[in-house]
Each structure stands twice: as structure tokens, then as C-alpha cells.
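With the input below, show me the fold.
(2 chains)
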There are 2 protein chains.
Amino acid sequence: MEYQIRLARSEDCKDIVRMIRELAEFEKLSEQVEITEEVLQKDGFAEDPFYKCLVAELQPEQRSTEGFRIIGYALYFFTYSTWKGRALFLEDLYVMPEFRGKGIGTKLMSKVAEVGLSLGCTRLQLSVLDWNQAARDVYVRRGAMNMTAAEGWHLYRFQGDALKALAEGTMKA
Amino acid sequence: MEYQIRLARSEDCKDIVRMIRELAEFEKLSEQVEITEEVLQKDGFAEDPFYKCLVAELQPEQRSTEGFRIIGYALYFFTYSTWKGRALFLEDLYVMPEFRGKGIGTKLMSKVAEVGLSLGCTRLQLSVLDWNQAARDVYVRRGAMNMTAAEGWHLYRFQGDALKALAEGTMKA
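As a prediction, this is how the structure comes out:
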């Protein structure tokens, strides 16, 4: 099995959406997926893209059992630390189950880190679900720190009516 | 006391760095601050900026007791959810102690939410330290959800040697 890691193109969005759904299913949160191929294309491949994406692609003559050539992806974007400056956030890292254990996820992640360092980023961050012990173990073994445990950072989110009320200044004091 | 909320300009970076340090001191993590005025200028006010910033500025004839006109800031950037699309992350929200309790922080936050909604973002996220109960209470009262508690998201970070090893593919398997 041979594959290459390359920057995603607009026409890869169909495969990326398929894998986003597979990953969300694994995370037991697939009812939350609303993204579409069209939105992904507009947000990632117009001017001022909102994200960057790498894909792992099999050689032309090779296919997954279901006939796919794109078998993994890493979707990331730039963030900013007011203490350390430029940083990267790895939103999704995914390899299709039948291609796991071959180092493809590692390659994808390595490439993201390389891009980050080359642009002066000093951090690569990601969120992991606490029950996903396998993933947590891998990241820790590779030197990541759990900042929620180490310093106590919790993630808060406004969305829907709460976000609207915030913008309109009509939320509770 | 009158003030306006406006987009930060390059020449505000001196004030922004001053307030970044004040905020980090409050968070008891000020030894981590490495940012400089020059880096903030380069990363926020060249082409393809890495962050956006709003400041709260007093009217010309008014000053803080130490002589400052810029008395608060909100620093944010765009992120991306592969489930929901465009999102905003509020990295820092700060108002100088002598100007608190007047709704300035709320105004800053409200403006950030407004910007986000106008650009199609469906989420505004932020990280809060678990011991900062006052901040947590405010965000929850205003409708934010603690995603670390609700779904179990933990923040992991690669930096320094771990990030380098990742990029070079020399980390442990």
C-alpha cells in the first residue's frame, strides 16, 4: 500500500465530509454534524480560507474496500496566544479504520507540525474527549501536555440563542 | 466616564501588551508571557493577520489614574468546526480593575459576538481557568456551556522539543 500526504483541494471536500461523519460517529456525537460539501468548499478554498487541510491519498490503482482513494485527513487552522504568539490548532485527525496501524495518522500530524514550525508557530493544540483513552495515551506518549489537567483550562461555548443575545446585548447581566 | 469600542490599530500594541501582562498576572501565569509589542504588530497588522482585536478607549480628556486612555481589550480569531463551520475564539477579554463594573467587558464581548454572527459564525468559544469562579459564573449566567464538563473535552498541547520531534518524525511511536 502506497500513499501520499498532500494539501487538500476543493474537489476533495466530498471525501472530507464523508470522513468527518465517520469520525463523529466514532466520537458518538454524529447528531451534531451539519457541515456540507458546499460549505466546506466555500470556507476552505475561497480567499481568506477559514481552515487548511491535508489528505492521505492512495496511489491511483489502489482503493479502500469501499472504493475510496482518500483515506485520511488532518484539518487545522491558525490560532494565537497572547503569551507566545502564533499557534496551530488541529481540529480533526482521522484515518479510516482499515488503514490504521501503518503510521498514516502520525505522518499527517507530523506534516501539520512541520507547517506550523515553518511559519513560526510555537504550539500545536488539540481537543480530546476524556473517555478516548487510546488517543490521550498516544498524544501524551508523544510529548503533549493535558492543559485541562495541568493548569485547569475549561472550554466554554456560546451558540444559538445565547450567542444572539450576547451580540444584541440582551443577555442577563 | 465615556469610552468607545473600536478596532485596534498597530499603534495600540504597546497598550495591548501592557494589558496582556496585567491579565496574565491576575491569572497567576505571568512567567509565561513572552510576547512583545513588535511581534503583536507584525502578527496582527500585516497581511493575513493571525488575530483581531477590539479596544475600549476613553475620551481624549480622560485618563486612568496611571495616565492610560486604552483601558480594555478583546482579542479573538476565527476557528473552524468540522461539524458546524465558522466559529470565533475569544482568546483574551480584559478591563483594567479601576474600570470594572461599568459594563465595558460586556460591551467588548457583545461586539465580538456581533462580528462573529455577521460573518456566519455559529459559535463563540473561550477557555477559562477552573479556579476563576467569578468568570465562570458570568459566562454561564449569559448562556455559555462548559464543554469540558458537558462532553469531556480536554485541551492538549505540543510545544518546544515535543513539537520539533513531531515535525521531524523523531517522536516515540
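
Nearest residue to the middle of chain A?
The centroid of chain A falls nearest to A:D92 when counting by C-alpha atoms, centre = their mean (1.9 Å).

Setting the sequence-adjacent residues aside, check what's closest to that one.
Nearest in space to A:D92, with sequence neighbours left out and distances taken as C-beta to C-beta, 6 or more residues apart in numbering or on different chains, is A:L75 at 4.5 Å. Placement of C-beta: from N, CA and C, glycine included.

is it true that that neighbour touches A:K52?
Yes. Applying C-beta atoms under 8 Å as the test, A:L75 and A:K52 come out as touching, 7.4 Å apart.

Compare those two and say which is more crowded by neighbours.
Taking other C-beta atoms under 10 Å in any protein chain shown, A:L75 and A:K52 do not tie; A:L75 has more neighbours (27 against 18).

Pull the contacting residues for the more buried one.
A:I16, A:Y51, A:K52, A:C53, A:L90, A:E91, A:D92, B:Y80, B:T82 (C-beta atoms under 8 Å, 6 or more residues apart in numbering or on different chains).

tell me the SS of it?
Secondary structure, DSSP: H, G, I helix; E, B strand; the rest coil: A:L75 is strand.

quick revisit: so which of the contacts of A:L75 comes closest to A:E66?
Nearest to A:E66 among the contacts of A:L75: A:I16, at 15.6 Å, using C-beta to C-beta.

That closest one and chain B, how far apart?
To chain B, A:I16 is 8 Å away according to C-beta to the nearest C-beta, to the nearest Å.

Enumerate every residue touching the closest residue to that residue other than its chain neighbours.
In space, and not counting its chain neighbours, A:I16 is closest to A:Y73: 5.6 Å by C-beta to C-beta, 6+ apart. Counting by C-beta under 8 Å, 6+ apart, A:Y73 touches A:A8, A:D15, A:I16, A:M19, A:C53, A:L54, A:V55, A:A56, A:D92, A:L93, A:Y94, A:L108.

Quick check: bridge partners of A:Y73?
Beta-bridge pairing for A:Y73 (DSSP bridges): A:V55, A:Y94.

And the pLDDT for it?
Predicted confidence (pLDDT) for A:Y73: 98.

Looking at the contacts of A:Y73, which one is closest to B:R157?
A:L93 (14.8 Å).

Settle this for me: that closest one is touching A:T106, isn't it.
No. Between A:L93 and A:T106 there is no contact under C-beta under 8 Å: 9.7 Å.

In terms of neighbours, single out the busier of these two.
A:L93 (20 against 17).

Now the more buried one: closest residue in space that isn't a chain neighbour?
Nearest to A:L93 is A:A74, by C-beta to C-beta, 6+ apart, at 5.1 Å.

Identify the residues contacting that neighbour.
A:C53, A:L54, A:L90, A:D92, A:L93, A:Y94, A:L108, A:M109, A:K111, A:V112.

I'd say A:A113 and A:Q125 touch.
No. With contact defined as C-beta under 8 Å, A:A113 does not count as touching A:Q125 (11.5 Å).

what about stretch A:76-88, near chain B?
Yes. Applying C-beta under 8 Å from any C-beta of the partner chain, one finds stretch A:76-88 touching chain B at A:F77, A:F78, A:T79, A:Y80, A:S81, A:T82, A:W83, A:K84, A:G85, A:R86.

can I assume the fourth one sits in a strand?
Yes. The assignment for A:Y80 is a strand, going by three-state DSSP.

Just among the residues of stretch A:76-88 next to chain B, which is most surrounded?
Result: A:Y80 is most packed of the residues of stretch A:76-88 next to chain B (other C-beta under 10 Å), 26 neighbours.

got the contact list for that residue?
Contacts of A:Y80 by C-beta under 8 Å, 6+ apart are A:R86, A:A87, B:D43, B:F50, B:Y51, B:L75, B:F77, B:E91.

Export the residues you listed as TSV, with columns for secondary structure and distance to B:K102.
Formatted as TSV, those follow (DSSP: H, G, I helix; E, B strand; the rest coil; distance: C-beta to C-beta, whole Å):
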residue	secondary structure	distance to B:K102
A:R86	strand	34
A:A87	strand	32
B:D43	helix	30
B:F50	coil	30
B:Y51	coil	25
B:L75	strand	20
B:F77	strand	27
B:E91	strand	23
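
Pass me the low-pLDDT residue ranges in chain A, would you?
A:172-173 (pLDDT under 70).

my guess is A:G120 contacts A:A87, does it?
No. Contact criterion C-beta under 8 Å: A:G120 and A:A87 do not qualify, at 9.7 Å.

Between these two, which is the more surrounded one?
Taking neighbours as other C-beta under 10 Å, A:G120 and A:A87 compare with A:A87 leading, 22 against 13.
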